[in-house]
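> heads up, no residue letters with this:
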């Protein structure tokens, strides 16, 4: 950590800063320049969290050198975290495809979708039972009824399932029905929910918030991991920018970047990122080529009848085509499809 | 609503769209251009929420004409909503100042702050008991103990209080201790919490999310109001942009704009918006001159010892100066300070 | 085009709008709803550019249905524009790789780089002679001397060349020395320069501006094309967002999207988009998998000695590796490397 | 400057970095932490611009402590720069109002506008003769004919004038006709134009780019000043964000911030920032209350007939009202209107 002090700082002010840092176990060194005085401080920044160094007289700026995330960082664990779910590996050599409808709408719709995902070669079934919607007047999901259908679909097809939860109550409910618990973009900084998820033994799929920096996203994963649950899959799903032609802007560079910063698996959601069915296949291929550990895509047996997100849902045949393309492409970049 | 169809649409496709709209009670009219066919549809868009018109063959785009918010809109209620809190009006002619520390840290700190706010002429005491923090390792608030101190400070000074809640549990707790319940930027789309807030009889202070559009912000207010609680104060607190010199970018144009779109009061939080104490006073004056119904600013008895947000907290003397300036400025723009 | 009018508009106001539109050759139709009156207007929007319809009494909003770009749009030309440069096709089946140093620094540096690009299998040599720099104190390029070196390198290796111009003067100079003229992100809306480029017979590489929407980018291409030069290559190079971990945010969805909206070739610059050498190879593969017609990447014989952009420049060996990977991957997605 | 090195750096690597810095006249000091090695370096960063320190083995990051702008910085000059134009001071105690039409359209339109600006109490007449337009099919300005009309209007009313230039040619033309040369948002990083402006003796009004950081904006001013021309007025005119309800997002915090960082005057353009006539008056008051040295607003004798920007142009009567309000408000915040 670097403390930048005004050139007009008095010796007493500099001394006060050094004393405070010393008291917290930091090792310090002063560098006097022509326009600024700089104090280098080496130690445990966590100890510093509750002192307001920046407010001390003479202090102009504090520059942090170390990243604030710890347990999720690549430095804490050099090898990749590989998550195993009923025999499927996420975070290893193979690419995983999660697919299914935006929302569980009915028994028939979900079972049909599940069979189509299975037939296409998908690995995990997605389906929303609790839907966070911008408008209070929009369809809000089938709730527990939807969870039961997910379980039934899973039993029939053998596919593990993933569903979004929106509060502690839905988290508890979902716990008994699904394999992977998703925390959505809007709840990425719902810290209570993160802690609660960290106290379960479930795999957590943590989506990046619409306007979350990569650092904030990793800090949210840190919340989960600091509670004891390290089975976290990160999911890039587009950020909010000035461009309105697409629903969001898919930040694909975040994939190799986060894989460098963290040991956790990273998947991509091209459906929410683009909001445009025609862009889902090219962006899926791009994500896989760019190093993603998997994809989560929306597919509906009949997109034109979908209760939500129809415009970005693949037709069943398109999912078949996508997985065929991935299967052909992965070996060419020295990777595989997950088993 | 306007449905734009491809010039190559068949008559059967156009007919299918019209039929669907007719079935939902819409009145339609077709306009055939040289490059597009356009269908104008007049009716209740809510009825349409669950049909995927956009997916029908031939349809290229759907253009919505009406705003999606209803109860909070200026069209639903022409006159301003004025909220009364222990004799103080918010949303009327006068400007209201809410002030206090970021977090309740101790009995002494809070009581000192409360007396300073009172003495400076502030109207409402703010203080956080539940702190949503980016890092799991940061100070998370005194919780119920903090709420009790807020109540004590309110009883001593007569100031009404406002505090942030972060989930349904803290909402229930806070209900008995404070006058105004704040839903913070990170929870602006925590729809469960919005609904729960809508079911209370408390005044709700709804902050704009970091990356929320004005429309989404108003839709979140709609969630609260659709549950029966219309006592909502909106609060602009800066949005996330590419500029990093300030903590966020204060979107002051949103104030007169939202006052045009909605009947609800709008206040401004220049402390979180800028993250920089020196910018708080000029941006407070700017907000008031631009039409804000009030301000919520951070003030700490000793900012350099604050457990959070010290860099953006006013010194007590600065709050005195700010209110003095406002008191002098408001009559010059034909407004007043709230009683 | 749709003109939305207030429900309180008088008949005379509606009539006035219709009359104005009639006078401009539009065909109109009125739809009266419960909350708004809507006028559909079909005709040539260009004729309307200079009338302020939106200012007429009663008019609340104008919704444009047709895209504003014409000559560059896919509707104007269904088949892809394929640009031929000394036997290399850009915009066809094959992927093209342009590579070379950020700036031409010396004869030895450039000739070495050119030989390395050629040996690696690159198609076009890039090198900056005029450098637009944020600071007036930074290296601004070798100017005409650099252009001469590009010509020499091209003659020795047979590689066509691309260089950036920054005003009409440098455009004229570059005309005689290079094959492709680049207009950089900062000049994307330097309309004088666009027009001047449109009056040459050179291939123009038009980079997207840092904060340009896709529509504005295509409008800038329209400037060039409207002057008679249709040999335009579009280049996505990252947009400015709140994320600061990467230099910019590579908007890869723009690639398939622009290929749908326009017939022009689209290439990607992963070097400027990410600013991070380690991200260049994964993002290059992602771009190619996502449908890009080519790449433009920075490579320097010795990045650690580069006068600019060293941190994002590939080592020569990395370029060899990248092209080898592309060569293996392209057939797997039914495409090829350009000859 | 701080050089952060990996803990695994060898002594030779550290030595190499120190040697390079020594050679450039820097004074260095090494701090060895548990996870990083940090080198503090004090000296003239300009000397460093052309070496790629970041590329040296072992180096992980470089943290700059000093701001890159020099001549325009508050450190270079403590007192405000006050620019005098025909007896009007800009940058002193008084607030200046520049007003007039977006574009010069005709002799009658401009002379009428000029008289209205004069009568309302405005200080400077604005009017565009060269219009940078997104579409090549839009009205591009009257060019030299427009400049002549500006001169005539100035002679008749005694108002100084400001007009935008878009390249070196228009800069030369405008030089003889107007008092203040505006460089618009799209040309903020047209470095050739900045240099050329710096070589004139004219007052330069430099608008902030749509996506320019405050630092980049000040660096563009540095370009002008480094050529010898220090008569620069900065103008905040809104930045591009995700919010689409307003044309841009007015970043009003930038005003007091830039006044802290630089000695140059800062004015605000609420017309382009909001794109909405109804927001111009409240945002003008807000800007003045927030510390702006002046305003530049669009006013048209008949906005509904404006060839451009009609929707954001004030009616003449609205300008009268705005200046009356400012005149009443300024003394209440201890400032005045400019003479």
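That came through, no problem. For clarity, every value in this text was computed on a predicted model and none was experimentally measured.
> So, low pLDDT: which residues of chain A?
For chain A, the stretches with pLDDT under 70 are A:34, A:44-52, A:65-66.
> How about the top helix by length along it and chain B, touching?
Secondary structure of chain A per DSSP state H: the longest helix is helix A:316-332. No - Helix A:316-332 is not in contact with chain B by CB under 8 Å from any CB of the partner chain; minimum separation 13.3 Å. Yep, even glycine has a C-beta here, placed from its N, CA and C like the rest.
> and the next element down the chain from that helix?
Of the helices and strands lying after helix A:316-332 in sequence (DSSP states H and E), the nearest is strand A:336-337.
> which other helices and strands contact that next one?
Where contact means 3 or more CB pairs under 8 Å, 6 or more residues apart in numbering or on different chains; DSSP states H and E, strand A:336-337 is packed against strand A:94-100, helix A:316-332.
> from the middle of its chain, how far away would it be?
Relative to the centre of its chain, strand A:336-337 is centred 22 Å away, using CA atoms, centre = their mean, to the nearest Å.
> and chain A, what are its domains?
A:2-63, A:83-337 (automatic domain parsing).
> in the stretch 51-200 of chain A, what residue is nearest chain C?
residue A:67 (10.6 Å; CB to the nearest CB).
> part of a helix, is that residue?
No - counting by DSSP: H, G, I helix; E, B strand; the rest coil, residue A:67 is not part of a helix but coil.
> and it, how far is that from residue A:219?
10 Å (CB to CB, to the nearest Å).
> higher neighbour count, these two?
Between residue A:67 and residue A:219, counted using other CB atoms under 10 Å in any protein chain shown, residue A:219 has the larger neighbour count: 27 against 17.
> what helix or strand is that one on?
helix A:214-226.
> Residue A:206 now?
Residue A:206 belongs to strand A:203-207, assigned by DSSP H and E.
> Can you confirm whether that strand lies near chain C?
No - using CB under 8 Å from any CB, strand A:203-207 never reaches chain C; the gap is at least 15.6 Å.
> Can that strand be said to contact chain B?
No - shown here: strand A:203-207 not in contact with chain B (CB under 8 Å from any CB), separated by at least 13.0 Å.
> Which neighbouring elements make contact with that strand?
Using 3+ CB pairs under 8 Å, 6+ apart, strand A:203-207 is in contact with strand A:180-183, helix A:214-226, strand A:232-236.
> follow-up on the earlier one: nearest to residue C:168 among the domains of chain A would be which one?
domain A:83-337 (29.4 Å; CB to CB).
> Between the two ends of that closest one, how far is it?
Chord length of domain A:83-337, first to last residue, is 15 Å (CA to CA, to the nearest Å).
> can you state the direction angle for the helix holding residue A:219 and strand A:203-207?
160 degrees (axes from the mean of the first three to the mean of the last three CA atoms, to 10 degrees).
> elements contacting helix A:214-226?
helix A:191-198, strand A:203-207, strand A:232-236, helix A:254-261.
> okay, these in JSON lines with distance to residue C:95 and mean neighbour count next?
Shown next, in JSON lines, are the helices and strands packed on helix A:214-226 (distance: least, CB to CB, whole Å; neighbours: other CB atoms under 10 Å in any protein chain shown):
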{"stretch": "helix A:191-198", "distance to residue C:95": "42", "mean neighbour count": "23"}
{"stretch": "strand A:203-207", "distance to residue C:95": "32", "mean neighbour count": "25"}
{"stretch": "strand A:232-236", "distance to residue C:95": "24", "mean neighbour count": "26"}
{"stretch": "helix A:254-261", "distance to residue C:95": "20", "mean neighbour count": "22"}
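> Residue C:301 is nearest to which of the ones you listed?
Among the helices and strands packed on helix A:214-226, if distance is taken as CB to CB, the winner is helix A:254-261, at 24.8 Å.
> Distance to residue C:287 for the helices and strands packed on strand A:203-207 - can I get that in TSV?
Converted to TSV, the helices and strands packed on strand A:203-207 look like this (distance: least, CB to CB, whole Å):
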stretch	distance to residue C:287
strand A:180-183	29
helix A:214-226	20
strand A:232-236	16
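> Give the closest residue to the residue in the stretch 101-250 of chain A that chain B sits nearest to in space, chain neighbours not counted.
Closest contact between the stretch 101-250 of chain A and chain B, by CB to the nearest CB, is at residue A:211 (3.2 Å). Take residue A:211 and drop its neighbours on the chain: the residue closest to it by CB to CB, 6 or more residues apart in numbering or on different chains is residue B:211, 3.2 Å away.
> just to revisit the earlier point, could you save the domains of chain A as TSV and add columns showing distance to residue D:12?
Below are those laid out as TSV (distance: least, CB to CB, whole Å):
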stretch	distance to residue D:12
domain A:2-63	22
domain A:83-337	26
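> Quick one: neighbours of residue A:317, just the number.
The burial count for residue A:317: 11, using other CB under 10 Å.
> scratch that, residue A:10 is what I was asking about
Other residues close to residue A:10 by other CB under 10 Å number 12.
> Do I have it right that it meets residue A:17?
No - here residue A:10 lies out of contact with residue A:17, judged by CB atoms under 8 Å, at a distance of 11.1 Å.
> Let me see the backbone angles for residue A:242.
Main-chain torsions, residue A:242, degrees, to the nearest 10: phi -70, psi -20.
> residues contacting it?
C:211, C:213, C:239, D:240, D:241, D:242 (CB atoms under 8 Å, 6 or more residues apart in numbering or on different chains).
> if we go to 10 Å?
A:249, B:241-242, C:211-213, C:239-241, D:210-211, D:239-244, D:248-249 (CB atoms under 10 Å, 6 or more residues apart in numbering or on different chains).
> and what of residue A:308?
Here residue A:308 is in contact with A:101-103, A:105, A:128, A:131, A:133, A:138-141, A:298, A:300, B:49-50, B:52 (CB under 10 Å, 6+ apart).
> what do you get for residue A:161?
Residue A:161 touches A:85, A:98, A:100, A:114, A:124-127, A:147, A:149-151, A:153-154, A:174, A:177-180, counting by CB under 10 Å, 6+ apart.
> and if we set it to 8 Å?
A:124, A:125, A:126, A:127, A:150, A:151, A:153, A:154, A:177, A:178, A:179, A:180.
> residues near the last one, how many?
Same thing as residue A:180. 23.
> didn't residue A:208 look like it was pressed against residue A:185?
Yes - between residue A:208 and residue A:185 there is a contact under CB under 8 Å: 6.5 Å.
> Tell me which of the domains of chain A is the most buried.
Of all the domains of chain A, domain A:83-337 carries the top mean neighbour count, a mean of 22, counting by mean count of other CB atoms under 10 Å in any protein chain shown.
> How far away from the center of its chain is it?
On CA atoms, centre = their mean, the centre of domain A:83-337 falls 9 Å from the chain's centre.
> related to what we said a few turns ago, and chain D, which of the helices and strands packed on strand A:336-337 is closest to it?
Using CB to the nearest CB, the nearest of the helices and strands packed on strand A:336-337 to chain D is strand A:94-100, at 27.7 Å.
> Give me the angle between the strand holding residue A:206 and strand A:232-236.
20 degrees.
> Can you tell me the strand partners of strand A:203-207 and which way each runs?
strand A:180-183 (parallel), strand A:232-236 (parallel) (DSSP bridges).
> how about those, which one is nearest residue C:232?
strand A:232-236 (31.3 Å).
> What parts of the stretch 51-200 of chain A come near chain B?
A:52, A:54-57, A:68, A:132-139, A:166-169, A:186-187, A:189-193, A:195.
> Show me the helices in chain A, by range?
A:11-23, A:107-120, A:144-157, A:168-175, A:191-198, A:214-226, A:254-261, A:270-274, A:277-289, A:316-332.
> any chance of those in a markdown table, with distance to residue C:339 too?
Shown next, in a markdown table, are the helices of chain A (distance: least, CB to CB, whole Å):
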| stretch | distance to residue C:339 |
| --- | --- |
| helix A:11-23 | 63 |
| helix A:107-120 | 36 |
| helix A:144-157 | 47 |
| helix A:168-175 | 54 |
| helix A:191-198 | 53 |
| helix A:214-226 | 39 |
| helix A:254-261 | 30 |
| helix A:270-274 | 31 |
| helix A:277-289 | 22 |
| helix A:316-332 | 20 |
